[in-house]
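> Could you look at this predicted model? Sequence included:
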Amino acid sequence: MNLLLSDDYLLQDYPENITNTIRSGHATMLRFNRKGDYLASGRVDGTVVVWDLETMGVARKLRGHNKSITFLSWSRCGRYLLSTCQGWKAILWDLQDGKRLREVRFRAPVYMAELHPWNHLELVAALFEEQPVVVDMTEPVDVKHILPSAPKRLNTDGDAALKEKHAKEDAKQMTTSIIWSVTGDHVLAGTNKGRLNIIDAKSYEIIYSDKICSGAITTMRTTGSGRELLVNSQDRIIRTFRIPNLSTEDLDLDTLQLPLEHKFQDVVNKLSWNHVTFSATGEYVAASTYNNHELYVWERNHGSLVCMLKDPKEEQGVIEWHPARALLAACGLETGRIYIWSVISPQKWSALAPDFAEVEENVEYIEQEDEFDIYAQEEIHRRRLDAEDEDVDVLTLDPSKALDEGDGFRMPILFNLGESDSEDEFIAVSTGTMRRRSPGEGQGDLDGGVEKVAVKKASGKGARSRKR
Amino acid sequence: MDTLVGHMAGVSCLAWTPDSNTIASGSDDKAIRLWDRVTGRPRTTARKSLAGQEMAPLKGHHSYIHCLAFSPKGNILASGSYDEAVFLWDVRAGRLMRSLPAHSDPVSGIDFSRDGTLVVSCSTDGLIRVWDTSTGQCLRTLVHEDNPAVTNVCFSPNGRFVLAFNLDNCIRLWDYVAGSVKKTYQGHLNEKFAVGGCFGVLDGEPFVASASEDGSIVLWDVKSKALLQRIEGHKGVCFWVDVHGETMASAGQDHTVRVYRNIRDSGVTNGPIGEASQELRTELPIRVEDVKMEDA
């Protein structure tokens, strides 16, 4: 509703300054929920922290992993959060009560796992040195479907040597990045050899495969509309592609194409990119740089560099663009701080004094005929009341807003969270002695977690004085 | 029934969190306390006081707390004080998030819009200010030409209008985008006290309810400004009235809280439909159902 009153749409739509720095442990992964009011961060010690962007405070802490978090994915409704860690498992959290809804174990560390865009009980995961899987969690026992990383060879009648060679090549194809298409009917997968596969989510078969870059694909992202694909690869080039509508009835697999739109790269310094993200509308592409402190922001229409964001004295890893606003979250690799980049809108002085208006240049004031006429007080009052003949509607919502508020999950407000910064990294060993808590300690089991948290929190005060 | 003990001076305002599990109370001892509805105990917040008490009250205002409001999500608490400032608190951490240099007189009323992006505050200096919750900037100031003191303010159910209670016996409905008064409701008495009122909806039709200093409750139709009903209730001043669905509650100077309920007429009077519905509402059948005496 504040949009009705602000001129912020006149402001630039990419962030410029650091407006907040938040920290809880060492963050390695970030994800906004679909509405953009919460930010989930995954920590090195395996804790998942959910931040409330309105207060910039911690809304929930989820303890269950004991290895560094590798990926996070929100359900559409914002109630469920999927987290994966290097410890071979994924946990689906229910944010209503903060308990784990499901836990999925894999046979390898998980690069990433993403929830189905419409069904929070289905996920797709890319595994280290293993073939990717679709996991269906509808039943009490989850069902895993293994997806291929290399397309089926057509010429089966070739000689044995060639076949063997192909088989060897195919075995080396590993999927490193995997995401759902916007409808959830297809899976887009990038491999370590630079191939992009489109996999049908029903038949689990590759319907399209093409080599799009020369290095391993590290990150793939789509815009909200799902029509643009952003690919970061180890060949130091960021590419954007247009995705054809995969869900049409008459999808012709033979003519299916993913046209390359832009290539973003630093030709001079040959920088490689840690992480990439689309802006809310897909108008901009942002990337964090390897071995460098800057964030690069490109504009997608012309493919030109708009700005470089530099402020923190450290390299930044995962970056995330807010789903609606010009706000960028990036986490520092060294300190694990989360930097929030945003636009500072200036205070309009005319808003404070309604009799005044801001003008660009001098305006000659022309007095109106009846401006200084004097009427009796009653007369003025009566006229005013007569003028109030307009129809007012105090109930009907703005239709675009009403749709948004429909999905009724509201995160409960917790009062016993502990300090929102990093104090709970320390624990008291005995009176007066503190030590840094080793990652994931004492958080393996379900029920013990709550009590232990209280102890750690109590020690927070002492730890802080020691640290400074 | 339970008594919440903790404040060192008079309590002048209360606010419920949207999930109804927590009550915030603002007091003349300059502190705000949060209470658990179920246990009646103070809420434990993250910031424990050094003395090891259950909870430190939210302290920061330099004078009496006069009004409180929770954001629709319950994560932010806004407070207005006699120190002329509006404070926004992070409820979870019990931390002051933002202080807004709001007015030049005590802040008398405060409310959040339904999406939580706007805060409106008013003061006896006659100004109504609309604030952006996220940036803390003033987006609009509403002031009437006569500059009457504003003692209470609330957003309309859809958040597009602001209802302001003025000390010149008028309640004004402002369009805060256009910055103009759309409706003025008159017929009640309000010159001295910060009486309260609110919007209500019956059969899909909105109405405005307000307390009056002559002890009655007055209901108006939002669109036509017509006085729908005057309910004689309290002896002395009626201070506050609140509507929830078909139930209405009022508090007065005679130490009573009265609860009213809407009674539906099944029979529809003859005549054209439009007129009939009009008829039904002008004699809006609300009666005193339950009168509960309480200690002062």
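Great, that's in hand.
> is stretch B:155-170 up against chain A anywhere?
Yes: counting by C-beta under 8 Å from any C-beta of the partner chain, chain A is contacted by stretch B:155-170 at B:156-161. C-beta coordinates here come from the backbone N, C-alpha and C atoms, glycine included.
> Run the chain-centre distance for that stretch.
Centroid separation for stretch B:155-170 versus its chain: 10 Å, with C-alpha atoms, centre = their mean, to the nearest Å.
> Now that stretch - C-alpha only, CSV.
Presented in CSV, the C-alpha positions along stretch B:155-170 are these (Å, rounded to 0.1, in the frame of the first residue of the first chain):
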residue,chain,number,x,y,z
PHE,B,155,-7.1,2.6,8.8
SER,B,156,-10.2,1.5,6.8
PRO,B,157,-10.6,-2.3,6.4
ASN,B,158,-9.0,-2.2,2.9
GLY,B,159,-6.3,0.3,4.0
ARG,B,160,-7.2,2.9,1.5
PHE,B,161,-8.7,5.5,3.9
VAL,B,162,-7.9,6.8,7.4
LEU,B,163,-10.5,7.5,10.0
ALA,B,164,-9.6,10.4,12.3
PHE,B,165,-11.3,11.3,15.5
ASN,B,166,-11.2,15.1,16.0
LEU,B,167,-11.9,17.1,19.1
ASP,B,168,-14.4,19.3,17.3
ASN,B,169,-17.2,16.7,17.5
CYS,B,170,-16.3,15.3,14.1
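> Point me to the helix or strand that includes residue B:218.
Take DSSP states H and E as the rule and residue B:218 turns out to sit in strand B:216-221.
> Quick check: next helix or strand after that strand?
Next in sequence after strand B:216-221, counting helices and strands by DSSP H and E, comes strand B:227-232.
> Can you point out the buried residues in that following strand?
If you call a residue buried by 16 or more other C-beta atoms under 10 Å in any protein chain shown, then strand B:227-232 has these buried ones: B:228-229, B:231.
> One more: stretch A:195-203?
Residues A:195-201 are the ones in stretch A:195-203 that count as buried (16+ other C-beta under 10 Å).
> For chain B, what is the nearest residue in the stretch 151-300 of chain A?
Of all residues in the stretch 151-300 of chain A, residue A:280 sits closest to chain B, at 15.8 Å by C-beta to the nearest C-beta.
> coming back round to it: now, among the buried residues of strand B:227-232, which is nearest to chain A?
Chain A has its nearest neighbour among the buried residues of strand B:227-232 in residue B:228, at 15.0 Å by C-beta to the nearest C-beta.
> could you pull out the strands for the stretch 51-200 of chain A?
A:57-62, A:69-74, A:80-85, A:89-94, A:99-105, A:110-115, A:122-127, A:133-136, A:143-146, A:175-180, A:186-191, A:195-200 (DSSP state E, counting those that start in this stretch).
> what sits against residue B:239?
When contacts are counted by C-beta atoms under 8 Å, 6 or more residues apart in numbering or on different chains, residue B:239 touches B:193, B:195-196, B:211, B:251-253.
> Mind giving me the ChimeraX command for buried ones among those residues?
Burial among the contacts of residue B:239 is assessed by 16+ other C-beta under 10 Å; the matching ChimeraX selection reads:
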select /B:193,195,196,211,251,252
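> Identify the bridge partners of residue 211.
You didn't pick a chain, so chain A it is. Assessed by DSSP bridges, residue A:211 has beta-bridge partners residue A:195.
> please go with chain B instead
residue B:217.
> That one touches residue B:243, doesn't it?
No: using C-beta atoms under 8 Å, residue B:211 is not in contact with residue B:243; the gap is 11.7 Å.
> thinking again about what came up before, mind checking which of the residues of stretch B:155-170 next to chain A land in strands?
Of the positions in the residues of stretch B:155-170 next to chain A, residue B:161 sit in strands, assigned by DSSP state E.
> Just the closest of the buried residues of stretch A:195-203 to residue A:140, please.
Checking those against residue A:140 by C-beta to C-beta gives residue A:201 as the nearest, at 22.0 Å.
> list the contacts for residue B:132?
A:2, A:5-6, B:117-118, B:138-139.
> Against residue A:351, how distant is it?
Distance of residue B:132 to residue A:351, computed by C-beta to C-beta, to the nearest Å: 10 Å.
> pLDDT at residue 89, what is it?
You didn't say which chain, so I picked chain A. Turning to residue A:89, the model gives it a pLDDT of 90.
> Not quite, go with chain B.
Listed pLDDT for residue B:89 reads 93.
> which SSE is it in?
Remark: residue B:89 resides in strand B:86-90, with elements defined by DSSP H and E.
> Report back the residue of chain A that's furthest from centre.
The centre of chain A is farthest from one residue, residue A:376, which by C-alpha atoms, centre = their mean lies 62.0 Å away.
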